[in-house]
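J.: Need the 3D shape of this:
(one chain, ligands or ions: 1)
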Amino acid sequence: MPTMGALHDGHISLVNRSIAENDLTIVSIFVNPTQFNEAADYSNYPRTEKIDQELLLQVNPNVLFMPSAEEMYQNNEELLKINLNGLDSVMEGKFREGHFAGVVTVVDKFFSIIRPNRAYFGLKDFQQLAIIKYMASKRYPEMEIVPCPIIRDHDGLALSSRNQRLNAHDRSVSVLLSKALFNLHNNWGVMPFDKALAESKAVLSDSSIELVYLEVVDAQTLEIQHEYSTSQVVACLAARVGKVRLIDNILLPNV
Ligand code: AMP
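T.: Modelled structure (predicted):
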(Lines give C-alpha, C1' and ligand atoms only; values in the text may rest on other atoms or scores of the structure.)
Protein backbone atom coordinates (compact mmCIF):
# COMPACT_ATOMS: atom_id res chain seq x y z
CA MET A 1 0.00 0.00 0.00
CA PRO A 2 1.38 3.36 -1.06
CA THR A 3 1.61 6.20 1.47
CA MET A 4 3.34 9.55 1.72
CA GLY A 5 4.30 8.91 5.36
CA ALA A 6 3.48 10.98 8.46
CA LEU A 7 1.55 7.86 9.31
CA HIS A 8 -1.60 7.88 11.45
CA ASP A 9 -4.30 5.39 12.39
CA GLY A 10 -5.91 5.76 8.94
CA HIS A 11 -2.76 4.40 7.29
CA ILE A 12 -2.32 1.77 9.98
CA SER A 13 -5.87 0.49 9.39
CA LEU A 14 -4.90 -0.21 5.76
CA VAL A 15 -1.69 -1.96 6.82
CA ASN A 16 -3.56 -4.13 9.32
CA ARG A 17 -6.19 -5.04 6.75
CA SER A 18 -3.53 -6.06 4.26
CA ILE A 19 -1.65 -8.10 6.86
CA ALA A 20 -4.91 -9.91 7.76
CA GLU A 21 -5.75 -10.71 4.14
CA ASN A 22 -2.36 -11.47 2.53
CA ASP A 23 0.85 -13.47 3.02
CA LEU A 24 3.09 -10.53 2.24
CA THR A 25 2.45 -6.83 2.89
CA ILE A 26 4.57 -4.08 1.40
CA VAL A 27 4.17 -0.49 2.59
CA SER A 28 5.75 2.35 0.67
CA ILE A 29 6.55 5.80 2.00
CA PHE A 30 7.28 8.30 -0.72
CA VAL A 31 6.36 11.98 -0.80
CA ASN A 32 5.74 12.07 -4.52
CA PRO A 33 6.95 15.40 -5.96
CA THR A 34 4.97 15.11 -9.20
CA GLN A 35 1.56 15.15 -7.51
CA PHE A 36 2.06 18.49 -5.74
CA ASN A 37 0.79 21.47 -7.66
CA GLU A 38 2.16 23.96 -5.10
CA ALA A 39 5.87 23.98 -4.26
CA ALA A 40 5.12 25.17 -0.71
CA ASP A 41 2.72 22.28 -0.11
CA TYR A 42 5.48 19.85 -1.15
CA SER A 43 8.16 21.43 1.01
CA ASN A 44 5.80 21.81 4.01
CA TYR A 45 4.43 18.27 3.75
CA PRO A 46 5.15 16.58 7.10
CA ARG A 47 8.05 14.12 7.02
CA THR A 48 8.36 11.95 10.12
CA GLU A 49 10.31 8.95 8.89
CA LYS A 50 11.73 7.81 12.25
CA ILE A 51 8.31 7.85 13.94
CA ASP A 52 6.76 6.16 10.89
CA GLN A 53 9.27 3.33 11.11
CA GLU A 54 8.57 2.86 14.83
CA LEU A 55 4.82 2.83 14.20
CA LEU A 56 5.22 0.26 11.43
CA LEU A 57 7.38 -1.97 13.64
CA GLN A 58 4.38 -2.25 15.98
CA VAL A 59 2.14 -3.68 13.24
CA ASN A 60 5.00 -5.31 11.36
CA PRO A 61 4.35 -5.43 7.62
CA ASN A 62 6.92 -7.54 5.72
CA VAL A 63 8.57 -4.77 3.71
CA LEU A 64 8.92 -1.00 3.97
CA PHE A 65 9.84 0.53 0.62
CA MET A 66 11.21 4.09 0.94
CA PRO A 67 12.70 5.09 -2.38
CA SER A 68 14.26 8.48 -3.11
CA ALA A 69 12.90 10.80 -5.81
CA GLU A 70 16.05 10.04 -7.87
CA GLU A 71 15.28 6.33 -7.75
CA MET A 72 11.68 6.84 -8.83
CA TYR A 73 12.16 9.45 -11.55
CA GLN A 74 14.72 10.14 -14.23
CA ASN A 75 15.59 13.74 -15.02
CA ASN A 76 12.77 15.49 -16.90
CA GLU A 77 10.80 12.29 -17.13
CA GLU A 78 7.34 12.70 -18.66
CA LEU A 79 4.31 11.76 -16.61
CA LEU A 80 2.18 8.82 -17.64
CA LYS A 81 -0.52 9.98 -20.02
CA ILE A 82 -3.60 7.83 -19.86
CA ASN A 83 -7.23 8.58 -20.45
CA LEU A 84 -9.01 8.60 -17.09
CA ASN A 85 -12.49 8.73 -18.58
CA GLY A 86 -13.22 12.21 -17.19
CA LEU A 87 -12.72 11.04 -13.58
CA ASP A 88 -9.89 13.58 -13.31
CA SER A 89 -11.81 16.54 -14.72
CA VAL A 90 -13.84 17.41 -11.60
CA MET A 91 -13.09 18.40 -7.99
CA GLU A 92 -9.39 17.81 -7.15
CA GLY A 93 -8.66 17.45 -10.87
CA LYS A 94 -10.12 20.87 -11.55
CA PHE A 95 -8.52 22.69 -8.63
CA ARG A 96 -5.14 20.91 -8.54
CA GLU A 97 -3.86 20.86 -12.09
CA GLY A 98 -1.63 17.88 -12.86
CA HIS A 99 -2.24 16.29 -9.46
CA PHE A 100 -3.77 13.05 -10.74
CA ALA A 101 -1.22 12.69 -13.55
CA GLY A 102 1.41 12.62 -10.78
CA VAL A 103 -0.61 10.20 -8.65
CA VAL A 104 -1.27 7.80 -11.51
CA THR A 105 2.38 7.95 -12.63
CA VAL A 106 3.77 7.04 -9.22
CA VAL A 107 1.15 4.39 -8.42
CA ASP A 108 1.71 2.80 -11.83
CA LYS A 109 5.44 2.67 -11.05
CA PHE A 110 4.74 0.97 -7.70
CA PHE A 111 2.36 -1.50 -9.33
CA SER A 112 4.83 -2.39 -12.06
CA ILE A 113 7.77 -2.78 -9.62
CA ILE A 114 5.84 -4.73 -6.96
CA ARG A 115 3.11 -6.47 -8.98
CA PRO A 116 0.82 -6.92 -5.96
CA ASN A 117 -2.27 -9.16 -6.05
CA ARG A 118 -4.11 -6.55 -4.02
CA ALA A 119 -3.58 -2.88 -3.29
CA TYR A 120 -5.25 -1.04 -0.42
CA PHE A 121 -6.52 2.54 -0.72
CA GLY A 122 -8.54 4.72 1.67
CA LEU A 123 -12.00 6.04 0.85
CA LYS A 124 -10.73 9.27 2.42
CA ASP A 125 -9.33 10.11 -1.02
CA PHE A 126 -12.50 9.10 -2.84
CA GLN A 127 -11.60 10.54 -6.24
CA GLN A 128 -8.08 9.10 -6.08
CA LEU A 129 -9.55 5.68 -5.33
CA ALA A 130 -11.96 5.93 -8.29
CA ILE A 131 -9.07 6.91 -10.57
CA ILE A 132 -6.74 4.16 -9.33
CA LYS A 133 -9.55 1.60 -9.73
CA TYR A 134 -10.05 2.75 -13.32
CA MET A 135 -6.32 2.83 -14.11
CA ALA A 136 -5.80 -0.64 -12.60
CA SER A 137 -8.78 -2.09 -14.50
CA LYS A 138 -7.10 -1.00 -17.75
CA ARG A 139 -3.44 -1.69 -16.99
CA TYR A 140 -3.48 -4.39 -14.27
CA PRO A 141 -6.78 -6.23 -14.77
CA GLU A 142 -5.77 -9.11 -12.47
CA MET A 143 -5.15 -6.80 -9.54
CA GLU A 144 -7.75 -6.16 -6.85
CA ILE A 145 -8.08 -2.62 -5.52
CA VAL A 146 -9.43 -2.79 -1.97
CA PRO A 147 -11.29 0.30 -0.67
CA CYS A 148 -10.90 0.91 3.08
CA PRO A 149 -13.19 3.03 5.32
CA ILE A 150 -12.31 6.53 6.48
CA ILE A 151 -10.81 6.63 9.98
CA ARG A 152 -11.80 9.74 11.94
CA ASP A 153 -10.57 11.45 15.08
CA HIS A 154 -12.83 11.41 18.17
CA ASP A 155 -14.56 14.65 17.07
CA GLY A 156 -15.16 13.49 13.48
CA LEU A 157 -12.21 15.09 11.66
CA ALA A 158 -10.91 12.64 9.05
CA LEU A 159 -7.35 11.66 9.94
CA SER A 160 -4.83 13.18 7.54
CA SER A 161 -1.09 13.77 7.60
CA ARG A 162 -1.89 17.44 6.89
CA ASN A 163 -3.79 17.75 10.20
CA GLN A 164 -0.36 18.00 11.87
CA ARG A 165 0.03 21.41 10.24
CA LEU A 166 -3.13 22.87 11.82
CA ASN A 167 -2.56 25.24 14.73
CA ALA A 168 -4.72 24.75 17.84
CA HIS A 169 -7.38 27.23 16.72
CA ASP A 170 -7.64 25.83 13.18
CA ARG A 171 -7.68 22.27 14.52
CA SER A 172 -10.76 23.10 16.62
CA VAL A 173 -12.47 24.80 13.66
CA SER A 174 -11.68 21.91 11.29
CA VAL A 175 -14.31 19.77 13.02
CA LEU A 176 -16.85 21.76 10.97
CA LEU A 177 -15.82 19.92 7.80
CA SER A 178 -17.11 16.55 8.97
CA LYS A 179 -20.03 18.29 10.72
CA ALA A 180 -21.09 19.77 7.36
CA LEU A 181 -20.96 16.32 5.75
CA PHE A 182 -22.85 14.62 8.60
CA ASN A 183 -25.43 17.43 8.38
CA LEU A 184 -25.88 16.74 4.66
CA HIS A 185 -26.19 13.01 5.35
CA ASN A 186 -28.94 13.68 7.92
CA ASN A 187 -30.86 16.03 5.63
CA TRP A 188 -30.43 13.86 2.54
CA GLY A 189 -33.78 13.05 0.96
CA VAL A 190 -35.55 14.89 3.79
CA MET A 191 -35.41 18.40 2.28
CA PRO A 192 -35.03 19.71 -1.28
CA PHE A 193 -31.59 19.05 -2.85
CA ASP A 194 -30.49 22.71 -3.01
CA LYS A 195 -31.64 23.41 0.55
CA ALA A 196 -29.78 20.38 1.92
CA LEU A 197 -26.62 21.56 0.18
CA ALA A 198 -27.07 25.17 1.33
CA GLU A 199 -27.60 24.07 4.97
CA SER A 200 -24.47 21.99 4.82
CA LYS A 201 -22.44 24.89 3.41
CA ALA A 202 -23.82 27.14 6.17
CA VAL A 203 -22.16 24.85 8.73
CA LEU A 204 -18.83 25.90 7.19
CA SER A 205 -19.31 29.62 7.72
CA ASP A 206 -16.31 30.47 9.84
CA SER A 207 -13.72 33.12 9.06
CA SER A 208 -10.91 30.52 9.18
CA ILE A 209 -12.56 28.27 6.59
CA GLU A 210 -12.41 28.87 2.87
CA LEU A 211 -14.56 26.33 1.06
CA VAL A 212 -13.01 25.25 -2.24
CA TYR A 213 -15.88 22.98 -3.27
CA LEU A 214 -18.67 20.87 -1.88
CA GLU A 215 -20.09 18.61 -4.58
CA VAL A 216 -22.44 15.68 -4.66
CA VAL A 217 -21.16 13.27 -7.30
CA ASP A 218 -22.09 9.89 -8.71
CA ALA A 219 -19.95 7.36 -6.82
CA GLN A 220 -18.95 5.54 -10.05
CA THR A 221 -18.62 8.24 -12.70
CA LEU A 222 -17.96 11.23 -10.37
CA GLU A 223 -20.42 13.21 -12.45
CA ILE A 224 -21.64 16.25 -10.49
CA GLN A 225 -25.28 15.95 -9.41
CA HIS A 226 -27.74 18.86 -9.38
CA GLU A 227 -30.78 17.01 -8.12
CA TYR A 228 -31.62 13.81 -6.28
CA SER A 229 -30.91 10.65 -8.24
CA THR A 230 -31.41 6.96 -7.57
CA SER A 231 -27.74 6.07 -8.09
CA GLN A 232 -25.21 5.86 -5.25
CA VAL A 233 -23.85 9.34 -4.61
CA VAL A 234 -21.11 10.76 -2.42
CA ALA A 235 -20.57 14.26 -1.07
CA CYS A 236 -16.98 15.47 -1.42
CA LEU A 237 -15.49 18.66 -0.07
CA ALA A 238 -12.21 20.51 -0.07
CA ALA A 239 -11.54 23.49 2.17
CA ARG A 240 -8.66 25.55 3.40
CA VAL A 241 -8.58 25.80 7.16
CA GLY A 242 -6.06 28.52 7.85
CA LYS A 243 -3.14 27.58 5.59
CA VAL A 244 -3.97 23.89 5.34
CA ARG A 245 -6.01 22.36 2.54
CA LEU A 246 -8.13 19.43 3.70
CA ILE A 247 -10.52 17.05 1.92
CA ASP A 248 -13.27 14.79 3.23
CA ASN A 249 -16.31 12.95 1.91
CA ILE A 250 -19.32 10.89 2.92
CA LEU A 251 -21.45 8.33 1.09
CA LEU A 252 -25.05 9.55 1.06
CA PRO A 253 -28.06 7.28 1.69
CA ASN A 254 -30.11 6.05 -1.24
CA VAL A 255 -33.26 8.08 -1.80
P1 AMP B 1 -1.43 9.44 1.89
O2 AMP B 1 -0.26 9.14 2.76
O3 AMP B 1 -2.21 10.64 2.30
O4 AMP B 1 -1.08 9.43 0.42
O5 AMP B 1 -2.44 8.21 2.09
C6 AMP B 1 -2.05 6.90 1.85
C7 AMP B 1 -3.27 6.02 1.85
O8 AMP B 1 -3.90 6.09 3.12
C9 AMP B 1 -4.31 6.46 0.81
O10 AMP B 1 -4.91 5.32 0.22
C11 AMP B 1 -5.31 7.22 1.65
O12 AMP B 1 -6.61 7.24 1.12
C13 AMP B 1 -5.27 6.43 2.95
N14 AMP B 1 -5.76 7.25 4.06
C15 AMP B 1 -5.32 8.49 4.41
N16 AMP B 1 -6.05 8.97 5.45
C17 AMP B 1 -6.96 8.02 5.74
C18 AMP B 1 -8.02 7.93 6.71
N19 AMP B 1 -8.29 8.91 7.56
N20 AMP B 1 -8.78 6.80 6.71
C21 AMP B 1 -8.53 5.80 5.83
N22 AMP B 1 -7.56 5.83 4.91
C23 AMP B 1 -6.79 6.92 4.86
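
J.: Spell out which parts of the stretch 101-250 of the chain neighbour the ligand.
T.: Residues of the stretch 101-250 of the chain lying near the ligand by CB under 6 Å from any ligand atom: 121-122, 124-125, 148, 150-151, 158-161. Using the backbone N, CA and C atoms, a C-beta is placed for each residue, glycine as well.

J.: Among these, which one sits closest to Lys94?
T.: Asp125 (15.6 Å; CB to CB).

J.: Now for that closest one, how many residues are close by?
T.: If you count neighbours by other CB atoms under 10 Å, Asp125 ends up with 19.

J.: Likewise for Asn75?
T.: Asn75 - counted by other CB under 10 Å - has 5 other residues nearby.

J.: likewise Asn183?
T.: 19.

J.: List the residues that contact it.
T.: The contact partners of Asn183, taken as CB atoms under 8 Å, 6 or more residues apart in numbering, are 199-200, 203.

J.: still on that earlier bit, show me the two of the residues of the stretch 101-250 of the chain next to the ligand that sit farthest apart.
T.: The most distant members of those, if one measures by CB to CB, are Cys148 and Ser161, lying 15.9 Å apart.

J.: so what's the residue of the stretch 51-200 of the chain found nearest the ligand bridging to?
T.: Residue of the stretch 51-200 of the chain nearest the ligand, by CB to the nearest ligand atom: Gly122 (2.3 Å). For Gly122, the beta-bridge partners are Cys148 (DSSP bridges).

J.: so how far is Val146 from it?
T.: 10 Å (CB to CB, to the nearest Å).

J.: neighbour count winner among the two?
T.: Higher neighbour count among Gly122 and Val146: Gly122, with 22 against 16, using other CB under 10 Å.
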